[in-house]
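Student: sequence first, then the predicted structure, then my questions.
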Amino acid sequence: MKRLTSMILMGLLAVLMALPAAAQGPEEVSLWFHSGQGSERDELDRQITAFNEMQDEYVIMPLEVPEGSYNDQVRAAALAGDLPCVLDFDGPFIYSYVFSGDLIPLDDYVTDELLDDVLPSIIGQGTVGDSIYSLGQFDSGLSIWANAAMLEEAGVRIPEGLDDVWTLDEFNEAMEALAAIVPDDGYVIDFKFTYDGEWYSYGFGPMIRSFGGDTIDRETFETAEGVLNGEEAVAWGEWFQSLFANGYATATPVDPDADFMEGRVPLSWVGHWMYNDYKDALGDDLVLIPAPDFGNGAVTGMGSWNWGITSTCANPDGAWTFIEYLMDADNTASMANANGAVPSRISALEADERYQEGGDLHIYFLQLTEGVAVPRAQTAVYPTISTVMEDVVNAIARGEDVQRSLDAAVDAIDSAIESLAG
Amino acid sequence: MRLFFQNNLTGRKGRDLLAVLVMGGPAFLLLAIFMIWPFILGIDLSTTNQRFDGAQASDIGTRNYERILGVGIGGLPPKPEVFPDSRPGVGWYLDNQGKADFRWRTRGIDDLDEIWEGLENWRGYEVMSVFSIGSNEYAIFARDPLFWRSLRNNLAFAAFVVPVQTALALMLAILINQKLPGMNVFRTIYFSPVVTAMVIVAVVWAFLYNPRFGLINQMLGVLSIGPFDWLQHPASALPAIMIMSIWQGVGFQMVIFLAGLQDIPEDLYEAASIDGAGVVHKFRYVTLPMLRNTTIFVVLTTTILAFRLFDQINVMTPDGGPASSTATMVWYAIRRGWRESEIGYASAISVVFVVIVLMISLVQRVFVKSESALD
């Protein structure tokens, strides 16, 4: 027995001694990223490989983490002290991560030259207090993808820009007109109810705001009472519910992407990430309709996945070298090309025809720069808002009582605020 | 046989103990490391407000338990003749199904007793459900209604699934215990759902239950029944999950019953035949008594599995909906601890959950006292 123990110990020792020897050469920098759409993953893989090959100081060790429970896994890793060096995360979670001390400021690394060429919305999303904590390769675009041929058939007007967006009445009339022409196995508007996680806060928070409500009181950030369950939010809920009750939308789609691409559904409320697939399927019939004005001005979402350096990172210089590489104008451009998002470098944006007047994605550019896009709630309880929005949007779509569902959502958010305050 | 075992046991008690330790040791060790130790840690955590995200934890004594278990009944003001158009902060309103509901938003209201005597007692509680006795209105107030709903759903699930699944398993076991050619094929078919991962089964069934495109509604549509919103309606969501769970799990209990059936000596049936017993009598007086221990085992394990209900929920109705009709205790503990990062509170939920399951198992043991065949 004793001999066996000492043999195991000696073996362990040998392994330990071999480790530093093996670590000679490039320094390893761990990285987590969300497994989003395929073309986005491939492009990131390509950029990581290119980075690893172009220099021999650092080597990036990527790990792909499922998107639906990404934040949960980050939090668990933070508690266990297992966070990677370079962390990819969805914009609004930054307040919670900074509050927990998981991220380090990038102020000492970023140059004015870089910041001058980055979209203000990206800097806004990455800034907490007076420090910048994250940078992203792209910002998001959210509005309605439409099948122009079907809209013309139904006689529905296609807005030109932000000055003539649909009103609530016009939106409702469009629903009615399109319902008359969709095939039997189709419906009018796809809300991507097959998604889980962050989508519901990102996609429907702006709608509530356009009705005059919000997900939290943005003056104090101390309660959601009267905001998420006030008259305006209830009006949104009842209207939204009616879309499902009237059969214009379905809360239980099987393959909504295919429904839109195969011409069974004329409208799709979704973000930029569907652009490439939709474009391949519909070609010139694909048209982007700006976010409607539901009464309190047109509102859409913004912010997307971005990169930060964790406080447990042993090699922040290496992490920054990589982030700086990602933020290179060419790399942001080719990423945006791969996933249909808005590139974060202004120079890349200006060089891209799709974002210019008459381009497919011009609306996204306008929404982001003309103040239609609003960031998600800047609060450390954002993870709870995200969870609660997923519940409440699903509950309302299923036909549950709007007031009771929104009240429950407010209770959950307020109890999280109280619990965080201690 | 019985005598042989007994002599062996009494004759070698000392060596027997050693054998128990050597054979059982690894299992006991694993149990201690992965079950008992975490549970002790969980009890410790349950008295704190520990969170996943960084914030400092402090000892808060039994406050988590007070919140979980805080429940009571209080009087409500009478329903108005005409319901208001806009929803009052505290008061009656009609929900979108035309059902009267009591809204309870106490934030910002200084004195609730001014609205109705006694309401101030329930500040910090939520209205779980309202009911009336005669002309008086009452509400069940709970500090954490979702916990009680989860418990109720768990109990309903167990109350239906345990007897039905056990009976069905016994029936299938008897069916495939016939000595007919090709029986192995049926055994494999009945057992195959068990070896399929629950998550996969749940995904497939979620498609089957799809209200518009699902196979089930389309088949019912041929008979002009439905369509039903299986997983989207509070009344049908839990039953739908029960049916699917029984289908998935019944094969396992069936195999255990099958082993029990094959253990019954053939001469007992022969003797019964000579005494003139028919099929029914043989089943009632030979099969059932001989399967007593098997049945106890099956009922106990099915009960525990029923209370552990989580995978199906997490896939098919991840938000515990509709109207919390599919929330279960394990689902709720994971949601609070993992998604909402309140580890301390979730630990308290888990401790209460373990105590409840333990009590139910003990009560079952008392009712069906096993007479071990080896005694």
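Tutor: Received it, and whenever you're ready, just let me know what you need.
Student: give me the residue at the spatial middle of the chain.
Tutor: Because you didn't say which chain, this covers chain A. Note on chain A: the residue nearest the mean C-alpha position is residue A:304, at 4.1 Å, using CA atoms, centre = their mean.
Student: the chain in question should be chain B.
Tutor: The residue lying closest to the centre of chain B (CA atoms, centre = their mean) is residue B:307, at 2.9 Å.
Student: for the helix or strand harbouring residue B:207, packing partners?
Tutor: In this structure, residue B:207 is located in helix B:198-208 according to DSSP states H and E. Applying 3 or more CB pairs under 8 Å, 6 or more residues apart in numbering or on different chains; DSSP states H and E, we find helix B:198-208 packed against helix B:215-222, helix B:234-262, helix B:311-316. C-beta: built from backbone N, CA, C; applies to glycine.
Student: other residues contacting it?
Tutor: A:254, B:193, B:213-216, B:231, B:244, B:248, B:311-312, B:315-316 (CB atoms under 8 Å, 6 or more residues apart in numbering or on different chains).
Student: pull the most distant pair out of the residues you listed.
Tutor: Spanning the widest gap among those are B:213 and B:311, at 23.4 Å by CB to CB.
Student: any stretches of chain A with poor pLDDT?
Tutor: Residues of chain A meeting the criterion pLDDT under 70: A:1-24, A:422.
Student: cool, chain B as well?
Tutor: Those would be B:1-12, B:53-56, B:369-375, if you go by pLDDT under 70 across chain B.
Student: just want the angle from the longest helix along it to helix B:234-262.
Tutor: Determined from DSSP state H, the single longest helix within chain B is helix B:145-176. Calculated by axes from the mean of the first three to the mean of the last three CA atoms, to 10 degrees, helix B:145-176 forms an angle of 40 degrees with helix B:234-262.
Student: excluding sequence neighbours, find me the nearest residue to residue A:365.
Tutor: With CB to CB, 6 or more residues apart in numbering or on different chains as the criterion, residue A:365 has its nearest non-adjacent residue at 4.3 Å, and that residue is residue A:355.
Student: residues in contact with stretch A:393-402: which ones?
Tutor: Taking CB under 8 Å, 6+ apart as the criterion, the residues outside stretch A:393-402 that touch it are A:191, A:193, A:200, A:204, A:234, A:237-238, A:240-241, A:244-245, A:249, A:251, A:405, B:95-97, B:101, B:229, B:232-234, B:319, B:321-323.
Student: that older thread, elements contacting the longest helix of chain B?
Tutor: strand B:126-133, helix B:183-195, helix B:234-262, helix B:292-307, helix B:329-334, helix B:343-367.
Student: what do you get if the cut-off is 6 Å, keeping everything else the same?
Tutor: Where contact means 3 or more CB pairs under 6 Å, 6 or more residues apart in numbering or on different chains; DSSP states H and E, helix B:145-176 is packed against helix B:183-195, helix B:234-262, helix B:292-307, helix B:329-334.
Student: show me which parts of that helix are buried, residue by residue.
Tutor: For helix B:145-176, a neighbour-count test (16 or more other CB atoms under 10 Å in any protein chain shown) marks B:145-154, B:157-158, B:160-162, B:165-166, B:168-170, B:172-173, B:176 as buried.
Student: circling back: what's the closest of the helices and strands packed on helix B:145-176 to chain A?
Tutor: helix B:234-262 (8.0 Å; CB to the nearest CB).
Student: elements contacting that closest one?
Tutor: Here helix B:234-262 touches helix B:145-176, helix B:183-195, helix B:292-307, going by 3+ CB pairs under 6 Å, 6+ apart.
Student: that older thread, what's the burial count for the residue nearest to residue A:365?
Tutor: Neighbour count of residue A:355, defined by other CB atoms under 10 Å in any protein chain shown: 23.
Student: same question, residue B:183
Tutor: Applying other CB under 10 Å, we find 13 residues neighbouring residue B:183.
Student: ok, for it, nearest residue in space, not its chain neighbours?
Tutor: Of all residues beyond its chain neighbours, the one nearest residue B:183 is residue B:176 (5.5 Å), with distances taken as CB to CB, 6+ apart.
Student: isn't that neighbour up against residue B:187?
Tutor: Yes. At 5.2 Å, residue B:176 counts as touching residue B:187 under the criterion of CB atoms under 6 Å.
Student: by proximity to chain B, which residue of chain A wins?
Tutor: Using CB to the nearest CB, the single residue of chain A nearest to chain B is residue A:100, 3.1 Å away.
Student: show me the contacts for the residue nearest to residue A:365.
Tutor: Residues near residue A:355 by CB atoms under 6 Å, 6 or more residues apart in numbering or on different chains: A:349, A:361, A:362, A:365.
Student: pull the contacting residues for the second one.
Tutor: With contacts defined as CB under 6 Å, 6+ apart, the neighbours of residue A:361 are A:354, A:355.
Student: returning to what we had before: for PyMOL, what selects the buried ones among the contacts of helix B:198-208?
Tutor: To isolate the buried members of those in PyMOL, using 16+ other CB under 10 Å:
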select buried, chain B and resi 193+214+216+231+244+248+311+312+315+316
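Student: out of the contacts of helix B:198-208, which is nearest to residue A:69?
Tutor: residue B:315 (12.9 Å).
Student: what's the neighbour count on residue 102?
Tutor: Went with chain A since none was named. Neighbour count of residue A:102, defined by other CB under 10 Å: 25.
Student: nope, chain B please
Tutor: Number of residues near residue B:102 (other CB under 10 Å) recorded here: 18.
Student: quick one: it is in a helix?
Tutor: No. Counting by DSSP: H, G, I helix; E, B strand; the rest coil, residue B:102 is located in no helix; its state is strand.
Student: residues touching it, list them.
Tutor: B:76, B:92, B:127, B:130, B:139.
Student: now do the nearest residue to residue A:127 once chain neighbours are set aside against residue A:93, distance only.
Tutor: Leaving aside its sequence neighbours, residue A:127 sits nearest to residue A:133 (CB to CB, 6+ apart; 7.3 Å). Remark: distance between residue A:133 and residue A:93 (CB to CB, to the nearest Å) = 11 Å.
Student: higher neighbour count, the two?
Tutor: Using other CB under 10 Å as the criterion, residue A:133 and residue A:93 rank with residue A:93 on top: 26 against 23.
Student: how many neighbours does the nearest residue to the more buried one once chain neighbours are set aside have?
Tutor: If you skip the residues right next to it in sequence, residue A:93 has residue A:71 as its closest partner in space, 5.5 Å away by CB to CB, 6+ apart. For residue A:71, the neighbour count with other CB under 10 Å is 26.
Student: same check on residue A:271?
Tutor: Residue A:271 - counted by other CB under 10 Å - has 22 other residues nearby.
Student: correct me if wrong: it contacts residue A:138.
Tutor: No. Using CB under 6 Å, residue A:271 is not in contact with residue A:138; the gap is 10.9 Å.
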